[in-house]
Every structure is written in C-alpha cells, then in structure tokens.
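# Need a 3D model of the following:
(2 chains)
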Amino acid sequence: MSILYAAREWICAAACAAALGLAPGAWAAPAREPINPPPTAEDYGALAKLPDWSGVWTPDITDQVARERSNRPPWKPAIAKQIEKMYADEQAGRPFEIIDHCFPTGMPSWMLITHNAFEVLFTPGRVTILGEGDGNRMRRIYTDGRGHPADPDPTFHGHSIGHWEGGTLVIDTVAVLPEVYLAVNEAVGVPNDGDMHIVEHLHLKGPDVLEDELEVIANKLLTAPWHTTRRYYRQRARKYDIVEGVCTQGSFIEAKDGQGHDVFEPITFHNNVPVGPSSK
Amino acid sequence: MNQSLRPLGRTALLLGATLAAAALPALAHHSFAVYDRTQMLTLKGTVKAFQWANPHCVIWVMIQPDAGAAQEWSFETTSPGVLTRSGWTRHSVKPGDRVSVEYHPLHDGSHGGGLNAITLLDTGQKLEANFAAQEKPGLE
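Residues are numbered from 1 along each chain as shown, chains lettered A, B, ... in the order given. Prediction:
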C-alpha cells in the first residue's frame, strides 16, 4: 500500500510539472508540496489483509506496575536521584502530579501508564489510535511511505510513521515536545528534555492480546535505550466502547447562569481543597 | 444537556457556598497515591452531588458526626468510561441517596477519600470501581 501511495504521489507531482510546462528532467523532484492522493477501492481492499485489531483495548495495569518494578529505565545518575525522590514522595502520600495539567499524557507515557482504553483505526495510508481520557489523546501514524518532516513541529504525541512487517506495525516516533514526561507511573517521571526517539513493535500476542514492544531512546535522561513492553486486552462488549474523555471537565460543575442557561462553573481550589464554583 | 443531570445542576450554586469544607485532593488528573491504600474505612451519609466527568468522578456526601454539624466529604473514583464497564451509569448515585462508602482515606486526614465501593442503603445495591476486574479479554 505504501509503495502505491508513493508512486501516485510522484505521478501527481510529475503531472503537475508537465502541466506547468517544465522539462522532463525537472520531474524527478516534486515541483510543489506532496499531496495525499485520494484512496482507491484497492487501497481500501488492502486494509482487509491487515490483522484484525478491531474492538476496544484495555490496559493490563497490574502488568504495568509489575514491569515498572522489574524493568526500570536506565536513568542517568542525576535523573535517578530525582526519580528516587519521586518514589519516596509517592510512598509518603505526596505524589508529584505528572498529568494534573490535563494536557495529553503524550508519548510514550500514554502507552506506558494509561488506565484508560483505546481503539485502533485503519484507513488507507494511516493507522490512528484514539484514546479515552486527558482530552485529545490521538496518535496519527502515517503508513503511506513518507518519512519524518525535516523540521517537524514538536507535539505531545510526536510525528509517527509506520510500516507493516507481517502482522507487526513498526512505529517510529520523533518530535515529541521536550516538556512531555517520560513517566513510569502517574507520580514518577521526568520531562524528556528533547531529542527523544521511540520505536514500537505493535502486534497481536494472542487472539485478543495486543502487545507494544517499546524502545525509548532519550539521550538526555537515559544511559542506554530502554526496552519495555505493555499489554492490552480486546473487548467487544458495547459497554467497552470508547467514551469521550475531556480531562478539564472535571474541574467544572454543572450550574445555571443568571439567565437560566446550563453552564459549567469552575470549581476553584485553594491548597488543593475545592472552594466551589466562582460566584456570578 | 440531559435532563437527568439537572438536579445536579441546581445544586451547583449551593455547593459553591459549602464545598470549602470538602477535601478533593487535587485538581484534574492526579495520582491516587494521595490516598492511604493500606487502610479501608467506611462512612454512612447522604449524597449531596455526583459529578460524572473525566478524569475522575466525584461523589460529595454529607456525613453527620455524633456531635456537631454535618460535614461534607468528597469521594473520588475513576473515570466514567471505566465505571461504565463496572456497571455504573451517570444515574447510579443521586443527590439524596443514603449511602455507605468504603474508601481509602487521604493521608492528611482531611474529609475525603478514594472510593472503593458505595452501597445504596435503600436498595442494597453495591457499586464498585475495580480496574483489576477489567484486565482480561472478552469481558461482558
């Protein structure tokens, strides 16, 4: 599928060059920004040959915790001290709040520490992972043969390209915002500080078990690449369907405004104690 | 917005005047390490409000101590998605319900906790929030 996409992209670029009256030699390089060609029936048909990842995937949180303990990232000594302090604070009931800002958890922490379900959608040239919680949890993984942009804007989930090796989706992710945490749980982790690179091998481990083998290369934090695995279980019962998860909604309570309209009123906090919606 | 949520909406302005005594541990999405997981306590009271929203649902309960004025407590649980899969709906708990709450207390002893289960005393229905029960495939 990716080869077809790349070929059609080149043909489109060549046709545009011809239409502009450029010499054939100029066709080698696209004359303008690449386009996403319209998918064909063949492209849609090719999706049926991919492994069946339909349904909703729920994380094995017990396994997350076990792996967190048995396979710690190779933190640099200075980072390891920070991590130790976080574990001590967590143990003492004073957790460092990694995700209380309601930003997306980001990569790779979403795959590592999520308590919420996700689903995986296949469309021509792309795999999309849609999560539940923390607002805009969504990964776009381009499988159309493109590379990473030369200078991508950093984002919470980074820029991801993927390709299939049999039933395994190999995902390469760069351009994660440096502020995004490399977290091992909701209270222990540090910002990746930039230049992080993540390689994943996502595949079915059993009929209804999806496994993500992650390699995290975070040279600002780690002495070596960190390899770990996370596991998710397929659910088909409709009560497992993904629901909307807008994180900031929890900071508001339903109320009426002066005109009788239904509105959200912020719950304000003082020293982490709620003092109620702001007065109108 | 759904009509069924209106009663909660009407209570919101009242909550504003009284939530100061409650003790939700942190804004938004946070770690449950603020709760002492080694302890499980039980309290009985009357539901004042139920917030069915991400990232964590909250139930505010009025607790009448042996002496003095009623106290407002906040009990936090997981997200609507996870609760739905445990058999909850946004109607499961309503203002006015008499309840028994099993909870992990806040480390600092203030009036709140991490909800383990809530029992509706008028019906006997027990609602739980259990992640571990969802850690296998093909659940119904």
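
# what about residue B:85, neighbour count?
24 (other C-beta atoms under 10 Å in any protein chain shown). From N, CA and C alone the C-beta is placed, and that goes for glycine too.

# Next: the one 3 residues further on.
Burial measure for residue B:88: 20 neighbouring residues, criterion other C-beta under 10 Å.

# Could you pull up the residues touching it?
Contacts here follow C-beta atoms under 8 Å, 6 or more residues apart in numbering or on different chains; on that basis residue B:88 touches B:80, B:127, B:129.

# need the contact list for the residue in chain A that chain B sits nearest to.
Minimum separation of chain A from chain B (C-beta to the nearest C-beta) falls at residue A:93, amounting to 3.0 Å. Residues in contact with residue A:93, defined by C-beta under 8 Å, 6+ apart, are B:33, B:34, B:35, B:36, B:106, B:107, B:108.

# So it belongs to a strand, correct?
No - according to DSSP: H, G, I helix; E, B strand; the rest coil, residue A:93 belongs to no strand; its state is coil.

# immediately after the longest strand anywhere in chain B, which helix or strand?
Determined from DSSP state E, the single longest strand within chain B is strand B:41-51. Next along the chain after strand B:41-51, taking DSSP states H and E as the criterion, comes strand B:58-63.

# mind exporting that following strand as PDB, just the C-alpha atoms?
Output in PDB follows, covering the C-alpha atoms of strand B:58-63 (Å, rounded to 0.1, in the frame of the first residue of the first chain):
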ATOM      1  CA  VAL B  58     -16.600  12.600  42.500                       C
ATOM      2  CA  ILE B  59     -19.300  11.900  45.000                       C
ATOM      3  CA  TRP B  60     -19.900  14.600  47.700                       C
ATOM      4  CA  VAL B  61     -21.500  13.100  50.800                       C
ATOM      5  CA  MET B  62     -22.900  14.800  53.900                       C
ATOM      6  CA  ILE B  63     -21.800  12.900  57.000                       C
END
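
# neighbouring strands for it, and are they parallel or not?
strand B:41-51 (antiparallel), strand B:71-76 (antiparallel) (DSSP bridges).

# Which of these has the lowest mean pLDDT?
Mean pLDDT per stretch puts strand B:71-76 lowest among those, at a mean of 90.

# mind listing what's buried in it?
B:72, B:73, B:74, B:75, B:76 (16 or more other C-beta atoms under 10 Å in any protein chain shown).

# Surely the fourth one and residue B:114 touch.
The one in question is residue B:75. Yes - if you go by C-beta atoms under 8 Å, residue B:75 and residue B:114 touch, sitting 7.4 Å apart.

# Need the overlap of contacts for these two.
The contact lists of residue B:75 and residue B:114 share residue B:103, where a contact means C-beta under 8 Å, 6+ apart.

# can you pull up the bridge partners for residue A:256?
Counting by DSSP bridges, the residues bridging with residue A:256 are residue A:262.

# Select only the buried ones of the contacts of residue A:93 in ChimeraX?
Buried residues within the contacts of residue A:93, by 16+ other C-beta under 10 Å, are selected in ChimeraX with:
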select /B:33,34,35,36,106,107
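
# Looking at the contacts of residue A:93, spot the one nearest chain A.
residue B:107 (3.0 Å).

# Would you confirm that residue A:115 contacts residue B:132?
No - here residue A:115 lies out of contact with residue B:132, judged by C-beta under 8 Å, at a distance of 11.3 Å.

# The strands paired with strand B:58-63 into JSON lines, with extra columns for distance to residue A:148?
Shown next, in JSON lines, are those (distance: least, C-beta to C-beta, whole Å):
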{"stretch": "strand B:41-51", "distance to residue A:148": "42"}
{"stretch": "strand B:71-76", "distance to residue A:148": "40"}
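
# so which of those comes closest to residue A:190?
strand B:71-76 (26.0 Å; C-beta to C-beta).

# residue closest to the middle of chain B?
Central residue of chain B (C-alpha atoms, centre = their mean): residue B:59, 3.0 Å from the mean position.
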